[in-house]
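[1] any chance you could fold what I've pasted below:
(chains A and B)
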Amino acid sequence: MRMVMTGNYASAYGAKLSRAEVIAAYPITPQTSIVEKLAEFVSSGELKAQYIPVESEHSAMAACIAAETAGARTYTATSSHGLTLMHEVLMWASGARLPIVMTNVSRAMAPPWSVWVDNMDSIAQRDTGWLQFFCQNNQEVLDTIIMAYKICESRRVMLPAMIIEDAFILSHTSEPVDVPDQEVVDRFLPPYAPELKIEVGKAMGFGSLVKPDQYMEFRYKDMLAMKEAAERVKAVEKEFKQVFGREYGGLLEKYMCDDAETVLITAGSVAATAKDVVDAMRARGARVGLARIRAFRPFPHEELRALASKVVGIAVLDRSYTFGAAGAMFTEVKASVYSCHKRPVMKNYIAGLGGRDITTKIISNIMDDMAVAAKRGVEDEVEWVDVAGLPRRWR
Amino acid sequence: MPHNLHEHSVSPLIEVRFHGRGGQGVVIASEVLAKAAFRMGYEVSAFPFFGVERRGAPVTAYTRIDSRPIRVKTNIYWPDYVVVLDSSLLEGVDVLEGLKVKGSVLVNWPDGKKLKDLPSKFRRFVLDATSIAASHGIGSQTAPIVNTAILGGFARICDAIELEPVLETIREAAPVKKQENVAAAREAYERTIEVTP
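    Model prediction:
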């Protein structure tokens, strides 16, 4: 049934339809309405789950780790400082091969305090071994939670996933979302049945010390699992489309890229706006396209190489910044593309930090700037967009 | 901020901006309008100005209504309609900022006769939503909640939106006093008038 709901409610419905069995969470703006809605579902009996109120995000993840180790399907949600407080245990969750699914309502880091969107919090968790999915609308939030359990719980993956939902732009925006029937979801996503779990009366060791002769093999297997995850993302989405009729483009969604000369690469909700801009610019005859990084981990290396070999210019729009380097998506796209025989000209645009609106005009100006740079060469490889004191063309 | 893309293929059908104060139900009004339009078969989105809300502080919320799926996630800079739930905001807040030249403004205006300040290049509508809400016992007598009444008025001024789906959505969304809220919206629909130059 199609209902008008916020991204946060889409997250809560996603967890409910996936029949999460243990939910441990700590409220934080602007994530709070996710866990409030789930608490309602649990207290009304609509969702049969154990709801554990905890004293911090670190504890929330620790509780999910314990429950998942005991064989329960778990869910949590957080944002910004909550996510970064979890950092230590995020690594435990992936290293222990626990397919926990979590929504991160992506919000800027302080200081100065901000409750608004940027992706710094998520990007800072890049190396924790979690799958990361950036969503462009509320429907994708709900659908990706269901798909993530199926991807992550498969035997050769067994890794956790972070569903990234832009603060306010998705979390507090109401739009139509198709909420699938529970029976259909149940057929698509069977109950969680791990091969190994803590069981009473059965002696096993979890989280033991290993010596240098064994440690590296564990990390090697994690690497293989993440490679397998890339294949599972595509396979599960294919199956999802057959059942639910919706698809999102796998690791990298391409929009109007077939004959494009200039392509914008970005992630999250800004990609949805950028599709409108691509349509408007194409109506004026500009050969532009959009490629949306849907999975930042596993990263779409092959898809990007295939795309890059066909285009003249690539603009990468990052809604975060890695100090001392450039936008994280830019450096990774550039690294992927390096091995192409024919390499496009590339520029990085930093925009929309701390909730600053990325307007249609800013997006079209970025595309125009990139088209010029592709012909005349790049002066500044990394440009900060719409910042006081910098050129007015970005305003 | 020039925004010429918006004048062409990007432009959604209808963009509405609500102004009010924390506690008046401004954000709920934007959502109820979206749900009413959705009930009529439109695609919709509704969002608050992403601020920190406090009782009495100015609050802004937005609704987009289109016949095709809405992808754009930016703020609304050039609304077709402005809805003002509290006329005290006319001083201090530029409620007409970006309103399209042929756009309409609907103001909760306890005394419609004195409405000379709003420029006549816009279509101006007034409605005494405060008295209507108070007479139906919605909120308190000193601080009536006017969001349902103002939506009745909006159904009157916007050709694309019919009254019945608005009333149905209010019936569904109102946590208490469903009949009173519906009656207030219906009365507001009847009592909304256009200010002639």
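
[2] the helices in chain B, which residues?
    B:26-39, B:129-135, B:147-157, B:163-173, B:178-191 (DSSP state H).

[3] grab the CA positions of the second one and hand them over as PDB.
    Meaning helix B:129-135. Output of helix B:129-135 as PDB, limited to C-alpha atoms (Å, rounded to 0.1, in the frame of the first residue of the first chain):
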ATOM      1  CA  ALA B 129      -9.200  31.100  11.000                       C
ATOM      2  CA  THR B 130      -8.500  32.100  14.600                       C
ATOM      3  CA  SER B 131     -12.200  32.800  15.400                       C
ATOM      4  CA  ILE B 132     -13.300  29.800  13.500                       C
ATOM      5  CA  ALA B 133     -10.900  27.400  15.300                       C
ATOM      6  CA  ALA B 134     -11.800  29.000  18.700                       C
ATOM      7  CA  SER B 135     -15.600  28.700  18.000                       C
END
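
[4] these two touch, right, A:G7 and A:N138?
    Yes - shown here, A:G7 and A:N138 form a contact pair, counting by CB atoms under 8 Å, at 4.5 Å. C-beta coordinates here come from the backbone N, C-alpha and C atoms, glycine included.

[5] before we move on, back to that, now render the helices of chain B as TSV, adding mean pLDDT, mean neighbour count and distance to chain A.
    Below are the helices of chain B laid out as TSV (pLDDT from 0 to 100; neighbours: other CB atoms under 10 Å in any protein chain shown; distance: least, CB to the nearest CB, whole Å):
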stretch	mean pLDDT	mean neighbour count	distance to chain A
helix B:26-39	97	25	5
helix B:129-135	96	23	23
helix B:147-157	98	28	15
helix B:163-173	97	19	10
helix B:178-191	98	20	18
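
[6] what about stretch B:72-86, how long is it end to end?
    This stretch, stretch B:72-86, spans 29 Å end to end (CA to CA, to the nearest Å).

[7] how is chain A divided into domains?
    In terms of domains, chain A is parsed into A:2-244, A:252-394 (source: automatic domain parsing).

[8] save those domains as JSON lines, and put in mean pLDDT too.
    Formatted as JSON lines, the domains of chain A follow (pLDDT from 0 to 100):
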{"stretch": "domain A:2-244", "mean pLDDT": "97"}
{"stretch": "domain A:252-394", "mean pLDDT": "95"}
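
[9] export these to TSV and append columns for mean neighbour count and distance to B:I170.
    Conversion of the domains of chain A to TSV gives the following (neighbours: other CB atoms under 10 Å in any protein chain shown; distance: least, CB to CB, whole Å):
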stretch	mean neighbour count	distance to B:I170
domain A:2-244	20	14
domain A:252-394	20	29
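
[10] of the ones you listed, which approaches B:P175 most closely?
    Set against B:P175 and scored by CB to CB, the domains of chain A come closest in domain A:2-244, at 13.7 Å.

[11] quick one: contacts for the most centrally placed residue in chain B?
    Nearest to the geometric centre of chain B sits B:V83, at 3.8 Å (CA atoms, centre = their mean). By CB atoms under 8 Å, 6 or more residues apart in numbering or on different chains, B:V83 lies in contact with B:V16, B:R17, B:F18, B:H19, B:A29, B:V105, B:L106, B:I150, B:F154.

[12] rerun that using 10 Å as the cut-off
    B:16-20, B:26, B:29-30, B:33, B:61, B:63, B:95, B:104-108, B:125, B:127, B:147, B:150-151, B:153-154, B:157-158 (CB atoms under 10 Å, 6 or more residues apart in numbering or on different chains).

[13] make CSV out of the helices of chain B and add distance to A:I362.
    Converted to CSV, the helices of chain B look like this (distance: least, CB to CB, whole Å):
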stretch, distance to A:I362
helix B:26-39, 24
helix B:129-135, 37
helix B:147-157, 31
helix B:163-173, 34
helix B:178-191, 39
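
[14] and for A:G7 and A:N138, which residues touch both?
    A:E165, A:L170, A:S171, A:T173, A:S174, A:E175, A:V177, A:S269.

[15] tell me where the model's unsure across chain B.
    Scanning chain B for pLDDT under 70 picks out B:1-12, B:50-53, B:111-116.

[16] moving C-terminal of the longest helix seen in chain A, what's the next helix or strand?
    Assignment by DSSP H gives helix A:212-244 as the longest helix of chain A. The helix or strand immediately downstream of helix A:212-244 is strand A:252-255, counting by DSSP states H and E.
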